[in-house]
Every structure is written in structure tokens, then in C-alpha cells.
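S.K.: Build the 3D model from these lines:
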Amino acid sequence: MELFTACCRQGRLLLEADEHKQIVLQSLAFLTREQRIWLYGFVILDDEFHLLWKKQQAWGTKNIRQMMLKFIAQQIKHRLRSTRSPELEKYRSNRNDRQYHFWEKNSRATPVISREMAAETICQLHEAPVSTGLCITPEEYGYSSARCYTPAQPAKNKRSGNQSTVCMRKSKKEKCSWLYHISETAGILAEPPDNSQSRQLTGNSNMQLIITDFETAFDPAGVCR
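M.R.: Numbers count the residues shown, from 1 in each chain. Model (predicted):
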């Protein structure tokens, strides 16, 4: 499991438009639907996005980060071109191997090796839109996984001694994943009713995102599997 962060070039607000956030969501929907990754949590901000994820075994040797960033960049480029937006010129590259450059060169990937670290990371992701003034509560923000989780009682961070909120599952039912519908204008919506144990995808599967409970990635001792 790792925390992956992709930053827009020079801190530009490439993802400020909801249409661009939607492109990121649709990319994540594809990766989860095709069983390339487990997605445990995420947040998409105006100038960067963060993912708590893990590659599934069959894709362990593939560079999914690069594939995803390339796809998102291509889709955003096509949209800016089709709308004749002058914003596209801000991302023109001087390099010989590309016309445009949308992402900072060194994206960050930090290993997450314990349940406590994962819980703390999830909380930080969900609080990010609040701290930047995009919403009042994490659950109000449609471009994060906050609607899957709810805060429990504060717990002490063993490393710093500070109090931090540990995020737990919303429901006490034994459920290891949530299926969310991607709205065309408002990010992810509430989970549709679960009428079967098989959790079948219904409707337009391109607009559905599977988010997996991060606790399933750890053994009873709290060590990442």
C-alpha cells in the first residue's frame, strides 16, 4: 500500500474545473473496475490529487502511475483543445519528447506499512478540502472518499504524541468495499442500494467507482499483507 501524490506543474490549478476532476475519477473507476488496483482512499484538489492505493497482484510489475497520469493528461488536453481554452498554452513544454507538460516531474509515493499509518493518512486526505476552504465538513466534498468513512474517537499518534482522529467504517455491517456512482457534476454520490451479495455493477459501469476498506489490507496484527 502506498500514498501517491501527483502535483500539477508549477502548482497551477489544472484540476480546478470540475470537468477535470471528473477525468481523474473516471480514470480511477477504470482501474478499480478492471481490477488493476485496490483504492482505499483519495482526494482531488485544484492543484494536486492524493491516492491511498495498492496494485493488484497481476499488475504488480506495471507502471500504473505513469499510465494513469498519461491518460488524465491526454483527456484534459483534448478538452482544453476542444473548448479552445487559452489555458492549454500554460502547459506547453520545451522538451523534445512532448508538446505539453501537465505534472511535476517527481510525483511522490510513500509506503504505508501499518493500520495506524493508513488510518492517519485517510484522515489527512479527507481533511485536506476543509483546511483549504473548499468545504466545511469532509463529507460535503464530492471529490474524496470521505463519504465512505466517518470519524471515530480521537486516538493518540504514537510517533508524535498528538491526538489524531482515526477513521473507521461508516457501517458496522461486514462489508469490505463500497460502490459509488460518479455524478457528471458533483463528484461521487451516495452508494446505491445493495440488492445482492455479489455487488454487481449496474447501469453505466464507466461512471462507477469501487472503494475498498483500508482495513482489509492488514492482518490481525495490523501489518500490511
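
S.K.: Could you use CA atoms for every contact and neighbour count after this?
M.R.: Noted.

S.K.: And stretch 130-144, what's buried?
M.R.: Neighbour-count burial for stretch 130-144 flags Val130, Pro138, Glu139, Tyr141, Gly142, Tyr143, Ser144 (criterion: 16 or more other C-alpha atoms under 10 Å).

S.K.: what distance separates it from the centre of its chain?
M.R.: With C-alpha atoms, centre = their mean, to the nearest Å as the basis, stretch 130-144 stands 14 Å off its chain's centre.

S.K.: out of the buried residues of stretch 130-144, who's nearest Thr61?
M.R.: Ser144 (27.2 Å; C-alpha to C-alpha).

S.K.: Check the secondary structure at Thr61 for me.
M.R.: Per DSSP: H, G, I helix; E, B strand; the rest coil, the local secondary structure of Thr61 is coil.

S.K.: Check it and give its pLDDT.
M.R.: We have a pLDDT of 89 for Thr61.

S.K.: got the phi/psi numbers for the residue most central in space within the chain?
M.R.: Residue closest to the mean C-alpha point of the chain, counted by C-alpha atoms, centre = their mean, is Phe42 at 2.7 Å. Torsion angles at Phe42 (phi, psi; degrees, to the nearest 10) stand at phi -160, psi 160.

S.K.: One more: the one 4 residues further on?
M.R.: With angles defined as degrees, to the nearest 10, Asp46 sits at phi -70, psi -30.

S.K.: Then Ile72?
M.R.: Dihedral pair for Ile72: phi -60, psi -40, per degrees, to the nearest 10.

S.K.: from what I can see the residue nearest to the centre of the chain touches Phe49, true?
M.R.: Yes - Phe42 is within contact range of Phe49, at 7.5 Å (criterion: C-alpha atoms under 8 Å).

S.K.: Now do Tyr141 against Ser131, distance only.
M.R.: Distance, Tyr141 to Ser131, using C-alpha to C-alpha, to the nearest Å: 12 Å.

S.K.: circling back: the residue nearest to the centre of the chain bridge partners, please.
M.R.: Leu51 (DSSP bridges).

S.K.: buried sites along stretch 100-107?
M.R.: Of all the residues in stretch 100-107, those buried under the rule 16+ other C-alpha under 10 Å are Tyr100, His101, Phe102, Trp103.

S.K.: Tabulate these (a markdown table), appending pLDDT and distance to Arg65.
M.R.: Converted to a markdown table, the buried residues of stretch 100-107 look like this (pLDDT from 0 to 100; distance: C-alpha to C-alpha, whole Å):
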| residue | pLDDT | distance to Arg65 |
| --- | --- | --- |
| Tyr100 | 88 | 18 |
| His101 | 89 | 16 |
| Phe102 | 93 | 14 |
| Trp103 | 94 | 12 |
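
S.K.: Having no further points to raise, I will conclude here.
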